[in-house]
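Participant: From the sequence below, what's the structure:
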Amino acid sequence: MDFVLTLHSHLPYVLNHGGWPHGSDWIAEAAIDTYLPLVAHLRELEAAGVPAPLTIGFTPVLANQLAHPTFHRELDRYFEARLAACDEAAAALADADGGALADVARFWKARLGQLRTLFHAIDRDIPAAFRNLALRGRLEIAGGAATHGFLPLLGRDESIRLQLGLGRAEHRRIFGTAPDGCWVPECAYRPRGWWQPLPSAPQPRVRASTGQFVAEAGYRWFFADAHMAREHGQTRTPYRAYDVADAGGAPLSVLVRDPRSSAQVWSRHGGYPGDQWYLEFHKIRYPGGLRLWRVSGPGVDLGRKQPYVPQNAEGQAREHAYHYAELLAGIAREQYPWGTNLIAVPFDTELYGHWWFEGPRFLADVYRALLHHPQVRPVTASRHLAERPERPRLQLAEGSWGADGDFSMWLNPRTTWTWERLWPLEHAFWELAPRALGEPSAHEALAQAARTLLLLQSSDWQFIISTGEAVDYADHRFHSHASDLARLLDALGAGVATGATDAATNVAAELRARDDVFPDVLSSVAAALGARVPA
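Facilitator: Okay, the predicted model is just below:
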């Protein structure tokens, strides 16, 4: 039975939007906790000759940031600050808990030093490190929507085409090849049909399915959550891939998340990350921001957490990896009589390392453990589909992998205002874009308007508001991008009407100094309109 492990990497655009906790420190922490450790473990597996055919995706907005010189400088700064914090903590805590906390601080210093060495060994280019692993056949890199816009709720078809088309173009620019697979943001799917998510939604009408847009953009597969694989009231098995029934006749397949093997990892009650030996995420020492304690047991108060013991956590990660491999083998044995052939488990990449510190080591040990279970074959998503071309058709139900399986994490009474502000701005952009495209002097302003629209469309803002965490930050970011877009569209509209676009170009230059992303966005705007950029 094939095992397709997929990681979905995404952060919103945070460069030049502050430092701690939701600015550049956010992406720096993700790089140190997750992306660099994954590179290190994948290289170790390659050196040992252990197959680890991971499927990993990077949203274009994240990949752009990781490749940007501003991020390189910010991560160097972050390393310096963290290493200084290790020295301070080791000295200040020399007598605490018999010196155990100082030992943990020294552990962090050694680890951070190794990761900084790795960062410079890969020329500070994290996307290139994954690209090189892919070129050597070690993994597959999937694509995604440009800024992780929640596709079923975007008001204009052109916006969906821009998110997907630009996402594919940026993937080719950064990773060197066009991706076969697409991470559909939030696994959110809308079948073909009547669209009117709110009474105030513009232009209620029949619209194409999410699958048709994905297929038209050139992708060949994506993921869906298990509850969406139901048809005529019947749930279909997650243990096989399907051809999507409403993709407009284009070849498009869907892999369905296995709830059983997924829950073993992410469940807050019975999942591995809650083990007593693992690093406690929620207790942090200030100043410095170091995590020095372990989970210590279920329900243990933060004040009673015990010092972290790295070697014990490492051993437990290995035990859990072998347990997980046994679980996969058990599923393969159970499914054998039914002729099913796939266990697909997608996760957010940041679960591994950031939220669950030992996660990258666990993943590496899973691949090692699977060497002892020949009935489970780890493969990339594209290889599975290529080698098993016969698939039943499935009409996916509407839904997402959000908390309630629907769209309510992104559309609810707390977020309605965001959509009612976004939809008119979307409409204004796409009404103005054809005229601005025909005026070369307006191209710079049009391109920055597109960047600002895309940043405004990020699904992160509604998600953060709905969780109730950092609501002020999400409100500020949404209002800021909306106000910037309105100001730029006003200047651009006046410039196109009069032939004097200098004012719009100046506003665009001001905004690009902060939000410098997607250098070739104009070609994708034209493609979304079915046009070309005039020479």
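Participant: Please enumerate the strands of the stretch 151-300 of the chain.
Facilitator: Counting by DSSP state E, counting those that start in this stretch, residue ranges of the strands within the stretch 151-300 of the chain are 182-183, 193-195, 205-207, 221-224, 230-231, 234-235, 242-244, 253-256.
Participant: weakest of these by average pLDDT?
Facilitator: Lowest mean pLDDT within the strands of the stretch 151-300 of the chain: strand 230-231, at a mean of 85.
Participant: which residues touch that strand?
Facilitator: Contacts of strand 230-231 with the rest of the structure, by Cβ atoms under 8 Å, 6 or more residues apart in numbering, involve 236, 394, 395, 397. C-beta: built from backbone N, CA, C; applies to glycine.
Participant: sec struct for residue 108, please.
Facilitator: Residue 108 falls in the helix class when you classify it by DSSP: H, G, I helix; E, B strand; the rest coil.
Participant: What's the local residue count around residue 21?
Facilitator: 11 (other Cβ atoms under 10 Å).
Participant: Helix, strand, or coil at it?
Facilitator: Per three-state DSSP, the secondary structure class of residue 21 is coil.
Participant: Contact partners for it?
Facilitator: Remark: with contacts taken as Cβ under 8 Å, 6+ apart, residue 21 is in contact with residue 470.
Participant: ok so, going back, I'd like the strands of the stretch 151-300 of the chain as a markdown table, with distance to residue 53 and mean neighbour count appended.
Facilitator: A markdown table is the format used below for the strands of the stretch 151-300 of the chain (distance: least, Cβ to Cβ, whole Å; neighbours: other Cβ atoms under 10 Å):
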| stretch | distance to residue 53 | mean neighbour count |
| --- | --- | --- |
| strand 182-183 | 17 | 26 |
| strand 193-195 | 37 | 12 |
| strand 205-207 | 36 | 13 |
| strand 221-224 | 15 | 26 |
| strand 230-231 | 29 | 14 |
| strand 234-235 | 29 | 10 |
| strand 242-244 | 21 | 22 |
| strand 253-256 | 14 | 25 |
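Participant: Tabulate these (TSV), appending distance to residue 333.
Facilitator: Formatted as TSV, those follow (distance: least, Cβ to Cβ, whole Å):
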stretch	distance to residue 333
strand 182-183	30
strand 193-195	40
strand 205-207	43
strand 221-224	25
strand 230-231	26
strand 234-235	22
strand 242-244	23
strand 253-256	20
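Participant: Which one of the ones you listed lies nearest to residue 157?
Facilitator: The closest of the strands of the stretch 151-300 of the chain to residue 157 is strand 205-207. By Cβ to Cβ, the value is 6.8 Å.
Participant: can you list the weak-confidence ranges in the stretch 201-350 of the chain?
Facilitator: Applying pLDDT under 70 to the stretch 201-350 of the chain flags residues 268.
Participant: Can you show me the helices along it?
Facilitator: 210-216, 259-266, 310-335 (DSSP state H, counting those that start in this stretch).
Participant: Give the other helices and strands that the shortest one contacts.
Facilitator: Taking 3 or more Cβ pairs under 8 Å, 6 or more residues apart in numbering; DSSP states H and E as contact, the helices and strands that helix 210-216 lies on are helix 157-175.
Participant: Go again with 10 Å.
Facilitator: helix 157-175, strand 182-183, strand 221-224, strand 242-244, strand 253-256 (3 or more Cβ pairs under 10 Å, 6 or more residues apart in numbering; DSSP states H and E).
Participant: As CSV, the ones you listed with distance to residue 348 would be great.
Facilitator: Below are the helices and strands packed on helix 210-216 laid out as CSV (distance: least, Cβ to Cβ, whole Å):
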stretch, distance to residue 348
helix 157-175, 18
strand 182-183, 10
strand 221-224, 12
strand 242-244, 23
strand 253-256, 16
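Participant: wait, which of those is closest to residue 411?
Facilitator: When the helices and strands packed on helix 210-216 are ranked by proximity to residue 411, the top entry is helix 157-175, at 15.8 Å, counting by Cβ to Cβ.
Participant: May I see the buried residues of the closest one?
Facilitator: Going by neighbour count (16 or more other Cβ atoms under 10 Å), the buried part of helix 157-175 is 158-171, 174-175.
Participant: quick one: which of the residues you listed is nearest residue 195?
Facilitator: The shortest gap between residue 195 and any of the buried residues of helix 157-175 belongs to residue 160, at 11.2 Å (Cβ to Cβ).
Participant: How about the contacts made by that closest one?
Facilitator: By Cβ atoms under 10 Å, 6 or more residues apart in numbering, the residues touching residue 160 are 145, 149, 151-152, 154, 207-208, 210, 212-214, 216-217, 457, 528.
Participant: for the protein, which spans come out with low pLDDT?
Facilitator: Answering for the chain: the residues below the bar, that is pLDDT under 70, span 268, 535.
Participant: which helices and strands does the helix ranked longest in it pack with?
Facilitator: Assignment by DSSP state H gives helix 471-498 as the longest helix of the chain. Under the contact definition 3+ Cβ pairs under 10 Å, 6+ apart, helix 471-498 sits against helix 416-437, helix 443-456, helix 460-467, helix 502-512.
Participant: thinking again about what came up before, just send the helices of the stretch 201-350 of the chain back as TSV, with distance to residue 90 and mean neighbour count too.
Facilitator: Listed next are these as TSV, based on distance: least, Cβ to Cβ, whole Å; neighbours: other Cβ under 10 Å:
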stretch	distance to residue 90	mean neighbour count
helix 210-216	51	24
helix 259-266	33	17
helix 310-335	15	17
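Participant: out of those helices, nearest to residue 521?
Facilitator: Checking the helices of the stretch 201-350 of the chain against residue 521 by Cβ to Cβ gives helix 210-216 as the closest, at 18.2 Å.
Participant: Now do the closest one: distance to the chain's middle.
Facilitator: 19 Å (Cα atoms, centre = their mean, to the nearest Å).
Participant: Begin at 638 from now on, thanks
Facilitator: New numbering, starting at 638: the last item is helix 847-853.
Participant: Output it as CSV, nothing but the C-alphas.
Facilitator: Taking C-alpha atoms only, helix 847-853 is exported to CSV below (Å, rounded to 0.1, in the frame of the first residue of the first chain):
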residue,chain,number,x,y,z
THR,A,847,-12.9,24.9,-7.5
GLY,A,848,-11.7,21.8,-9.3
GLN,A,849,-12.3,23.3,-12.7
PHE,A,850,-10.2,26.4,-11.8
VAL,A,851,-7.4,24.2,-10.4
ALA,A,852,-7.4,22.0,-13.6
GLU,A,853,-7.4,25.0,-15.9
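Participant: Relative to residue 962, how far out is residue 930?
Facilitator: Note on residue 930: its distance to residue 962, by Cβ to Cβ, to the nearest Å, is 29 Å.
Participant: cool, residue 642 as well?
Facilitator: Going from residue 642 to residue 962 by Cβ to Cβ gives 12 Å.
Participant: Next, show the common contact partners of the two.
Facilitator: With Cβ under 10 Å, 6+ apart as the test, residue 642 and residue 962 both reach 1003, 1004, 1007.
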